[in-house]
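[1] Mind folding the following:
(one chain, ligands or ions: 2)
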Amino acid sequence: MKTQKKSWIQSLFAYAEGEKKKMLLSVVLSVVSVTVGLAPFYCMYRIICLFVEGGADTAGITGWCLWALLAYGVKIVTFTLSTGVSHNMAYHVLEGLRLRLADRFLHAPLGDVENHTIGEIKSMMVDKIENLEPPLAHMIPEGAGHVVLPIVSIAALLCIDWRLALASLVTFPLSVVCMMLTMVISGKNFQTYDQSNAYMNSTIVEYIEGIEVIKAFGRAGVSYEKYAKAITDFRTFVVKWLSSTYLTMKLSFALFPSTLIGTLPVALALAAQGIITAPTAALAVMLSISMVGSLAKLEVFSENMRQVEFTVKGLQEFLEMPELPEPKERAEVPSTGVELKEVHFSYTGRAEDEVLHGVNLSLPQGSFTALVGPSGGGKSTVAKLIARFWDVSSGSVEIGGVNVRDMPLSQLSEYVSFVTQDNFLFRCSLMENIRLGNPKATDEEVRAAARAAQCEEFIKKLPKGYDTLAGEAGKRLSGGEKQRIAIARMMLKNAPIVILDEATAFTDPENEDRIQQSIAALTKGKTLLVIAHRLSTIRNADNIVVLKDGAIVAEGTQEQLLDACPLYWEMWQAHIGAKNWAVSSAAKEA
Ligand code: ADP
Ligand code: MG
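    Ligands and ions are numbered 1, 2, ... in the order given. Prediction:
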């Protein structure tokens with residue numbers, strides 16, 4: 001259910017939920033700091049009065065100097081405290097945001113996450129969230145102070161003489177006009193800036209990630225040029241943007257804090273006519289000088305505001321990504337058979353893109369089912385729907401008769417182990433990579449799983465054994481070895497339903513044999529679904545299901561299918577042919 005969209009300011013404050021007290025404290029301290037900062041001007045005024053009135057003695061002057069010093073001290077201390085508190089608050093908020101975003105990615109449909117490039121996500125999680133630090137730590141508390149100071153100063157001028165207050169504001173209208181002009185000229189440039197920046201980010205990630213392919217194919221030039229062009233485009237755009245607003249922006253920057261232009265002549269004129277005294281004229285001038293710093297800061301902040309608005313809006317888009325709805329309460333699941341009922345599914349949500357057209361599939365508890373068929377037929381999609389990486393468009397996926405939507409994702413994940421084609425290893429030791437299957441497992445249990453998954457032999461050959469970092473090992477491990485690590489992980493997890501999306505790549509006979517052994521150990525007694533490319537591995541399946549173009553065309557045992565399903569017969573022949581060819585060419589090489 002979509003809630004009313006919050007304005008970006010509300011969102012910014014909502015991110016600081018739980019940190020509000022700190023924010024308030026830092027605002028109060030900042031306001032105290034700038035207000036107290038006016039006191040030295042008053043002390044100066046009193047000293048000038050002493051001279052003019054002829055009562056200047058060392059004691060009097062020293063007294064006022066000490067007061068000024070004290071006020072200055074309070075100003076510095078309160079300002080320091082305010083920034084301390086606000087930075088503490090800001091980094092707590094950034095931490096909360098980063099954690100919340102990561103959590104969002106976990107609960108969103110996989111497709112919504114994969115729609116974003118790694119560069120985009122990295123730029124959001126790292127850079128853009130970091131961009132919120134200045135507004136939270138500086139703009140809000142200091143901004144409050146810098147708003148209060150001119151108000152107090154103008155109020156003080158008003159108390160002296162209304163004409164002085166008015167004079168201090170004389171450049172204000174013109175600078176506002178310049179500021180508005182700048183905004184109009186800038187227009188939608190922030191958006192382009194952002195897109196350009198995100199594109200630059202994703203091209204560099206692509207360049208580095210693809211560096212192996214780029215080197216292998218000698219295409220370094222093309223890919224590098226893509227990156228270089230992104231950088232050049234970004235530079236051209238920013239320079240053009242800046243120069244288009246240069247004049248109006250600088251004018252407004254110059255005019256806005258120019259309070260003295262009005263106050264100085266008016267103060268002098270009033271003093272000359274005897275309406276105010278000379279010391280009061282000096283005080284008026286000092287008050288209007290005191291505003292300059294604050295007004296200049298406010299101007300910079302208002303520039304930054306739009307940047308912040310843009311960041312917050314970008315964040316909102318990620319933070320409001322739809323989540324897969326899930327109940328809080330665990331469901332009662334009596335068995336671990338899986339059933340797909342009339343499942344229709346489209347990745348885009350549009351009917352014309354449908355990839356599964358009414359699939360009915362039953363995996364009885366403890367049975368071994370194989371899913372075969374031409375590439376692109378929807379096999380992996382079926383597997384991902386059982387693990388609920390996406391929700392079906394219509395129909396249902398049930399475990400033990402319970403719709404997977406009616407159990408928490410964490411409960412579903414206890415039931416289902418999914419070994420995919422890309423076996424991702426995290427940047428920690430191999431021991432920890434396997435332990436991911438069950439964080440509570442002891443080292444000995446991890447080793448036992450590794451042994452059963454046929455991993456121990458190659459792990460022991462690594463210089464640091466189980467302590468080898470996956471990053472270091474990653475490049476040395478073959479695809480088949482990585483897959484066996486993934487299988488060991490799943491063994492520790494020991495879920496009752498196992499889905500294997502078999503990889504085509506790792507077909508060397510030695511590896512295949514070992515993988516088969518480790519899979520056999522993993523799947524004993526489990527409800528097993530294997531997506532098979534090498535049909536020899538699933539000969540013994542209880543049920544072989546042939547999926548083509550998103551629909552089931554036949555199912556049965558190997559013998560039944562060889563008789564009844566021409567497509568399966570063809571696939572089997574092709575498989576045997578390929579196998580014989582591999583064997584004979586291997587023999588030739590030897
Ligand atoms: P198989 O595993 O049988 O080779 P898949 O289930 O991977 O087939 O794909 C079925 C269809 O869905 C294909 O047409 C494929 O292009 C499409 N498809 C797969 N993944 C996605 C995705 N993330 N977004 C959009 N379409 C997809
Ligand atoms: Mg597939």
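[2] and Trp390, that's in a strand?
    No. Trp390 is assigned coil when assessed by DSSP: H, G, I helix; E, B strand; the rest coil, not a strand.
[3] Please report phi then psi for it.
    In terms of degrees, to the nearest 10, the main-chain angles of Trp390 are phi -130, psi 170.
[4] per-residue confidence at it?
    Confidence at Trp390, expressed as pLDDT, is 89.
[5] Neighbours of it, how many?
    Trp390 has 17 neighbouring residues, counting by other C-beta atoms under 10 Å. Heads up, the C-betas are built off the backbone N, CA and C, glycines and all.
[6] surely it meets Asp112?
    No. Counting by C-beta atoms under 8 Å, Trp390 stays clear of Asp112, with 9.3 Å between them.
[7] helices or strands next to the helix or strand that Arg235 is a member of in the packing?
    Assigned by DSSP states H and E, Arg235 belongs to helix 220-255. Counting contacts by 3 or more C-beta pairs under 8 Å, 6 or more residues apart in numbering; DSSP states H and E, helix 220-255 packs against helix 172-186, helix 189-209, helix 278-319.
[8] Give me the buried stretch members for it, please.
    Judged by neighbour count (16 or more other C-beta atoms under 10 Å), helix 220-255 contains these buried residues: 223, 227, 230, 234, 237, 241, 245, 248-249, 251-253, 255.
[9] So in the chain, which helix runs the longest?
    When the chain is parsed with DSSP state H, its longest helix is helix 58-107.
[10] Pull the distance from it to the chain's centre.
    28 Å (C-alpha atoms, centre = their mean, to the nearest Å).
[11] what's that helix packed up against?
    helix 8-15, helix 20-36, helix 39-53, helix 129-130, helix 133-134, helix 140-160, helix 278-319.
[12] Just the buried residues of the following helix or strand past it, please?
    Counting by DSSP H and E, the next helix or strand C-terminal to helix 58-107 is helix 110-114. By neighbour count with 16+ other C-beta under 10 Å, helix 110-114 contains the buried residues 110, 112-113.
[13] Could you dump those into JSON lines and include pLDDT?
    Shown next, in JSON lines, are those (pLDDT from 0 to 100):
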{"residue": "Leu110", "pLDDT": "78"}
{"residue": "Asp112", "pLDDT": "78"}
{"residue": "Val113", "pLDDT": "81"}
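[14] how about those residues in JSON lines, adding distance to ligand 1?
    Formatted as JSON lines, the buried residues of helix 110-114 follow (distance: C-beta to the nearest ligand atom, whole Å):
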{"residue": "Leu110", "distance to ligand 1": "8"}
{"residue": "Asp112", "distance to ligand 1": "10"}
{"residue": "Val113", "distance to ligand 1": "10"}
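[15] now, which of the residues you listed sits nearest Met321?
    Asp112 (5.6 Å; C-beta to C-beta).
[16] That closest one touches Met321, doesn't it?
    Yes. Asp112 is within contact range of Met321, at 5.6 Å (criterion: C-beta under 8 Å).
[17] What average pLDDT does stretch 43-51 get?
    Stretch 43-51 carries an average pLDDT of 91.
[18] Over to stretch 8-22?
    On average, stretch 8-22 scores 81.
[19] gap between the two ends of it?
    End-to-end distance for stretch 8-22, by C-alpha to C-alpha, to the nearest Å: 21 Å.
[20] how about it: buried residues?
    8, 11-13, 15-16, 19, 22.
[21] what does it contact?
    Under the contact criterion C-beta atoms under 8 Å, 6 or more residues apart in numbering, stretch 8-22 has outside partners 6, 23, 85-86, 88-89, 92-93, 96-97, 132, 135-136, 308-309, 312-313, 315-316.
[22] tell me which parts of the stretch 251-400 of the chain are close to ligand 1?
    Counting by C-beta under 6 Å from any ligand atom, the residues of the stretch 251-400 of the chain close to ligand 1 are 347, 355, 375-381.
[23] Drop anything exposed from those residues.
    355, 377-381.
[24] With respect to Arg539, which of the helices and strands packed on helix 220-255 lies nearest?
    Smallest distance to Arg539 across the helices and strands packed on helix 220-255 (C-beta to C-beta): 38.2 Å, for helix 189-209.
[25] Could I get the buried residue list for the closest one?
    Neighbour-count burial for helix 189-209 flags 189-190, 193-194, 196-207 (criterion: 16+ other C-beta under 10 Å).
[26] Check the residues you listed one by one and keep those near ligand 1.
    Okay, of the buried residues of helix 189-209, nothing touches ligand 1 (C-beta under 6 Å from any ligand atom).
[27] right, and out of these, which lies closest to Leu81?
    So of the buried residues of helix 189-209, ranked by how close each gets to Leu81 (C-beta to C-beta), first place is Phe190, at 33.8 Å.
[28] Relative to ligand 1, how far out is the closest one?
    Relative to ligand 1, Phe190 is positioned 31 Å away (C-beta to the nearest ligand atom, to the nearest Å).
[29] Disregarding flanking residues, what is the spatial nearest neighbour of that residue?
    Phe310 (4.7 Å; C-beta to C-beta, 6 or more residues apart in numbering).
[30] Report whether the expected contact of that neighbour with Thr192 is present.
    No. Applying C-beta under 8 Å as the test, Phe310 and Thr192 come out as separate, 10.8 Å apart.
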